[in-house]
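Visitor: Pasting the sequence and the predicted coordinates here, then a few questions.
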Amino acid sequence: MAGQVNPFRPGAGHIPPYLAGRKGESEEFRRLLKQDVVLENMVITGLRGVGKTVLLDTFRPEAIQSGWAWAGDNISESSSSSEERLAIRLMTDLAVITSTIVIGEKEFLGIGYRPEKQLVEQTFDYDLMWSLFQSTPGLVADKLKKVLESAWRCIQCTRRRGLVFAYDEAQNLSDNPSCNEYPLSLLLDVFQSIQKKGIPILLILAGLPTLFPNLVGARTYAERMFRVVFLDHLNDTDTRDAILVPLREFPVFYRTVFGVFVPEIIRMSGGYPYFIQFICRELYDVQPQVHDADGQQEVDFGFPVPDVIRKLDADFYAGRWARTTDRQRELLSVIAHLDSADEEFTVREIVIKSKTLLPKPFRPSHVNQMLSTLANAGIVYKNRHGKYSFAVPLLRQFILRQQHA
Ligand SMILES: Nc1ncnc2c1ncn2[C@@H]1O[C@H](COP(=O)(O)OP(=O)(O)OP(=O)(O)O)[C@@H](O)[C@H]1O
Ligand SMILES: [Mg+2]
């Protein structure tokens with residue numbers, strides 16, 4: 001065992017040693033890649049740490065192998081703060097592909113020994129894109145469409161069958177009426193219009209569960225434009241694979257110990273990928289110590305459940321929890337006592353429950369306002385039916401643990 005590196009990878013966007021499950025989702029993506037005319041785009045959504053980023057990462061080589069070009073990045077809040085900034089984001093990502101495509105020659109004024117004019121290759125680089133953008137009359141949407149159409153003509157010459165734009169953290173996209181900026185609507189309008197013209201540019205957006213309601217809130221046709229893939233926790237079989245497949249090349253001892261603890265890991269992690277990686281990493285780290293000290297292949301080893309939970313709480317939940325106020329914590333613990341806390345809950349249910357639990361219960365308007373603050377903080381989200389859910393996996397258990405701490 002000495003020398004074996006802990007294979008588990010808890011961390012945002014870290015490719016796991018084995019990507020368990022997600023076969024249906026990958027199949028769905030392959031189906032979208034077969035479209036000649038793009039009628040369906042994709043939204044990948046789900047709670048924190050469920051595996052959106054790593055799934056999106058596995059789509060990239062798949063798309064490239066099928067002949068598609070791939071552009072994209074994370075959508076930060078600043079890149080979606082205005083229409084022009086979003087357009088710049090898209091063009092920057094597009095330029096990574098097109099700046100290697102030669103579209104003609106340009107004059108270049110030499111320096112040093114050869115100050116005379118020379119002809120050099122002109123590629124469809126960012127500067128050219130930007131000047132095309134600026135010189136196109138109309139609104140940002142008109143300019144961006146023009147750039148995308150020209151870029152596609154360019155990419156087409158490289159015999160690619162289409163172009164995928166993939167953006168992660170897309171819940172950050174929103175319109176901003178108070179500043180008269182509508183970057184989210186711009187994105188949807190531009191892609192819809194380009195796709196209607198038969199240009200094969202496919203849009204994949206990944207983000208927290210607020211993403212899809214945001215899209216539909218901006219443009220109702222978004223409902224028909226996207227195939228929504230909701231990533232859930234892994235089922236027991238896939239969780240088992242996520243735990244044991246990475247240990248295939250490891251000594252039998254490891255597989256035996258982890259094998260014994262599979263039901264416990266399934267229970268503790270709830271099948272949530274980040275938790276699986278986290279727990280297994282911890283469990284792995286304590287193994288060699290026990291083993292080396294003992295020097296035996298067979299050790300009667302207990303699973304240090306309280307230690308692992310304490311670490312998980314500090315690592316995953318504590319940061320978010322620290323940013324909540326006392327009154328918000330009271331509200332969250334009322335929610336944690338609802339039978340439906342793990343699924344969805346309403347303002348009314350919270351108000352009623354608070355009457356049985358608190359000396360100073362919550363009023364509906366207050367609950368409404370606090371839920372919206374908590375939604376902005378990424379702790380809860382409002383679904384399309386106006387009900388709320390926790391945006392963080394297994395948050396209920398964490399809240400209840402805080403009360404008994
Ligand atoms: N299918 C899977 N099998 C095993 N481990 C996985 C799987 N999917 C994700 N993981 C692991 O779970 C963790 C979280 O994955 P990832 O960062 O992709 O989640 P996310 O949904 O993008 O999270 P966030 O909402 O915070 O952006 C990573 O450590 C990753 O290695
Ligand atoms: Mg992510």
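Guide: The structure has been received and is ready for your questions. Ligands and ions are numbered 1, 2, ... in the order given.
Visitor: mind listing what the residue in the chain positioned nearest to ligand 1 touches?
Guide: Scanning the chain for proximity to ligand 1 using CB to the nearest ligand atom identifies Gly51 as nearest, at 2.6 Å. For the C-beta atoms, the positions are set from N, CA and C on the backbone; glycine is no exception. Contact partners of Gly51, counting by CB atoms under 8 Å, 6 or more residues apart in numbering, are Pro16, Leu19, Arg22, Leu231, Pro273, Tyr274.
Visitor: residue contacts, Glu349?
Guide: Taking CB under 8 Å, 6+ apart as the definition, contacts of Glu349 comprise Leu338, Ser340.
Visitor: Flag the shaky bits of the stretch 101-250 of the chain, pLDDT-wise.
Guide: 105, 108-116, 119 (pLDDT under 70).
Visitor: What residues does it have near ligand 1?
Guide: Taking CB under 6 Å from any ligand atom, the part of the stretch 101-250 of the chain that reaches ligand 1 is made up of Leu208, Ala242.
Visitor: The stretch 101-250 of the chain: helices as residue ranges?
Guide: Here the stretch 101-250 of the chain has its helices, by DSSP state H, counting those that start in this stretch, at 126-135, 140-156, 183-196, 211-218, 222-225, 236-244.
Visitor: go on, the stretch 251-400 of the chain?
Guide: For the stretch 251-400 of the chain, the helices defined by DSSP H, counting those that start in this stretch occupy 252-269, 273-294, 305-312, 318-322, 326-336, 347-357, 364-376, 395-404.
Visitor: looking at these, which is closest to Leu208?
Guide: Across the helices of the stretch 251-400 of the chain, Leu208 has its closest neighbour in helix 364-376 (9.9 Å, CB to CB).
Visitor: what's next to that closest one, contact-wise?
Guide: Residues from elsewhere that reach helix 364-376 (CB under 8 Å, 6+ apart): 210, 324, 327-328, 331-332, 347-348, 350-351, 354, 362, 380-382, 388, 391.
Visitor: Just the buried ones out of the residues you listed, please.
Guide: 210, 324, 328, 331-332, 347, 350-351, 354, 362, 380-382, 388, 391 (16 or more other CB atoms under 10 Å).
Visitor: Closest one to ligand 2 out of those, please.
Guide: Of all these, the one with the least separation from ligand 2 (CB to the ion) is Ala391, at 12.8 Å.
Visitor: list the contacts for the closest one?
Guide: Leu47, Arg48, Leu208, Pro209, Thr210, Ala375, Gly378, Ile379, Val380, Tyr381.
Visitor: What is the burial count for the residue of the stretch 51-200 of the chain found nearest ligand 2?
Guide: The stretch 51-200 of the chain approaches ligand 2 most closely through Thr53 (3.2 Å), counting by CB to the ion. Using other CB atoms under 10 Å, Thr53 has 18 neighbouring residues.
Visitor: Name the SS class of it, please.
Guide: Judged by DSSP: H, G, I helix; E, B strand; the rest coil, the three-state class of Thr53 is helix.
Visitor: I'd guessed it sits against Ile15; true?
Guide: No. Between Thr53 and Ile15 there is no contact under CB atoms under 8 Å: 9.4 Å.
Visitor: Could you count how many residues lie near Phe253?
Guide: Neighbours of Phe253 (other CB under 10 Å): 18.
Visitor: hang on, the earlier thing: Throw the helices of the stretch 251-400 of the chain into JSON lines and include mean pLDDT and distance to ligand 1, thanks.
Guide: Formatted as JSON lines, the helices of the stretch 251-400 of the chain follow (pLDDT from 0 to 100; distance: least, CB to the nearest ligand atom, whole Å):
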{"stretch": "helix 252-269", "mean pLDDT": "89", "distance to ligand 1": "10"}
{"stretch": "helix 273-294", "mean pLDDT": "79", "distance to ligand 1": "3"}
{"stretch": "helix 305-312", "mean pLDDT": "91", "distance to ligand 1": "13"}
{"stretch": "helix 318-322", "mean pLDDT": "92", "distance to ligand 1": "11"}
{"stretch": "helix 326-336", "mean pLDDT": "96", "distance to ligand 1": "19"}
{"stretch": "helix 347-357", "mean pLDDT": "96", "distance to ligand 1": "25"}
{"stretch": "helix 364-376", "mean pLDDT": "94", "distance to ligand 1": "15"}
{"stretch": "helix 395-404", "mean pLDDT": "90", "distance to ligand 1": "13"}
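Visitor: Distance to Ser80 for those - can I get that in TSV?
Guide: Shown next, in TSV, are these (distance: least, CB to CB, whole Å):
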stretch	distance to Ser80
helix 252-269	33
helix 273-294	25
helix 305-312	32
helix 318-322	22
helix 326-336	26
helix 347-357	29
helix 364-376	15
helix 395-404	26
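Visitor: Who are the contact partners of Lys311?
Guide: Applying CB under 8 Å, 6+ apart to Lys311 gives the contacts Phe278, Glu282.
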